[in-house]
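1. sequence first, predicted coordinates after that:
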Amino acid sequence: MSDPMMTNILNSLRTGQNLPPEIVNYMYIHGSFLLFLDFPEGSEFGIDYKSWKTGDKFRGLKMIPPGVHFVYCSINSTPRIGFFHTFKAGEIVVKKWNKQTEDFEDQEVPEDQLPEKRQQLKNLDSCLAPYPFENYRSWYALTDFVTESTVNRIKPLKGRITAQAELVSLETAYMEKPEDNPEVSCTQTVDRDHPIRTRFVDQHGLPVMKIREGYEIRFQEIPQLRGDIPRIGIEHSDRLFRLTRSLNGDWKQLLAELQIAFVCFLIGQVFEGFEQWKRIIHLLCCCPNSFGSQHDLFISYIRVLFFQLKECPSDFFVDIVSRDNFLTTTLSMLFANIRDSAHAKDDLKKKSAQFKAYLTKQFKWDFECE
């Protein structure tokens, strides 16, 4: 972290101290503001690891640390709607709730109106909740690889992250964008010349649905197995190589995607985030030939997993993850692969053994399987 003041904040949180007045003053000047206008009273509003029930005076947040954050809301216990945003120092972001669509809308603040908007902030100060710094250290540990470019690459084109998927039937999707399938009539109207409309159904006769274009979280596609590569046991390093190559060779962006997928599921409550999280974990546990050439990746991967599992609610694994023994099975492969690898360096073997011991003690998991 390049900002010395933000480093001081993390150090203060590490020691359990309250933020000193000089840091609070600094954050009020250099932190970001989020105005969230007309949001219904008694609804859920949250940022990162903290959410509240809003009161009648709620107008948004102040003193947001620069960097990537996840903002979300819900009314009447509906699925959360959220968005990732990379807040800049001193930035003012304005959203307004639309009661008709039950969604928020962006309100751009022109450069020439910024002085006036900053003056308004002083009048709104008592209506702005301070950023929950008591959770900042945990949030930073969960997203330290995520950058603005990560967010711009993965977030839906419409900007919203929500479990309330915007689904349409496949035939409707082709009607809206017929160039994707030239064999389907562009009009799809039923008349004398076109008595039958093209239908897309599954084996049970139900309509095939897809997420409407622009609402998908744009996770990186995980390369499939190639049949032309001989394999001994479980070795998928060729897939890892192709995946990192699609990310411009930057393994940090792979871990950033792992972190965003986890946040989308744990906080955004989007199941597709959980699925992508599992795909990446499974791949990284099956690449023993890469332990030497990608040493830094696997050292950091263990650290990322440690903080993710450390921050999970106690019932998280019982209800969701451990139901099919996914983590114990895949991590058993990782620990065994590292232990037996001729490519893994000593520090990676030590980190792996420590992580295995932690999980065994914390969750009572048994990794001693074939």
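-> Cool, got the structure. All values reported here derive from a predicted model rather than from experimental measurement.

2. give me phi/psi at T328?
-> phi -60, psi -40 (degrees, to the nearest 10).

3. check I47 too.
-> Dihedral angles (degrees, to the nearest 10) for I47: phi -140, psi 130.

4. so it makes contact with P130?
-> No - look at I47 against P130 with Cβ atoms under 8 Å: they stay out of range, at 10.8 Å. Where you see a C-beta, it was placed from the backbone N, CA and C, and this is true even at glycine.

5. just the strands in the stretch 101-250 of the chain please.
-> Along the stretch 101-250 of the chain, the stretches classed as strands by DSSP state E, counting those that start in this stretch are 103-107, 128-130, 161-162, 167-169, 209-211.

6. and the ones you listed, which one averages the lowest pLDDT?
-> Ranked by mean pLDDT, the strands of the stretch 101-250 of the chain bottom out at strand 167-169, which scores a mean of 54.

7. the longest helix along the chain - contacts with which helices or strands?
-> When the chain is parsed with DSSP state H, its longest helix is helix 346-363. Contacting helix 346-363 under the criterion 3 or more Cβ pairs under 8 Å, 6 or more residues apart in numbering; DSSP states H and E are the following elements: helix 295-310, helix 326-340.

8. redo those as CSV? Include mean pLDDT and distance to C287.
-> Output for these, formatted as CSV (pLDDT from 0 to 100; distance: least, Cβ to Cβ, whole Å):
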stretch, mean pLDDT, distance to C287
helix 295-310, 96, 8
helix 326-340, 91, 8
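
9. tabulate those (TSV), appending mean neighbour count and distance to F265.
-> Converted to TSV, the helices and strands packed on helix 346-363 look like this (neighbours: other Cβ atoms under 10 Å; distance: least, Cβ to Cβ, whole Å):
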stretch	mean neighbour count	distance to F265
helix 295-310	18	10
helix 326-340	18	13
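
10. closest to C286 out of those helices?
-> helix 326-340 (6.2 Å; Cβ to Cβ).

11. what sits up against the closest one?
-> Helix 326-340 is contacted by residues 234, 278, 281-282, 284-288, 291, 298, 317, 321-322, 344, 348-349, 352-353, 355-356, 359, 365-369 when judged by Cβ atoms under 8 Å, 6 or more residues apart in numbering.

12. now swap in stretch 71-89 and tell me
-> By Cβ under 8 Å, 6+ apart, stretch 71-89 touches 30-32, 34, 36, 39-40, 43-47, 51, 64-70, 93, 102-104, 147-148, 151, 155, 159-164, 260, 267-269.

13. so how many other residues sit close to D112?
-> As a burial measure, D112 scores 7 neighbours (other Cβ atoms under 10 Å).

14. equivalent analysis for S237, please.
-> For S237, using other Cβ under 10 Å, the count is 18.

15. next up, the contacts around it.
-> Counting by Cβ under 8 Å, 6+ apart, S237 has contacts 287-290.

16. so how far is N289 from it?
-> For S237, the distance to N289 (Cβ to Cβ, to the nearest Å) stands at 4 Å.

17. next one: L243
-> For L243 relative to N289 (Cβ to Cβ), the value is 15 Å.

18. with I299 instead?
-> Taking Cβ to Cβ, one finds I299 at 17 Å from N289.
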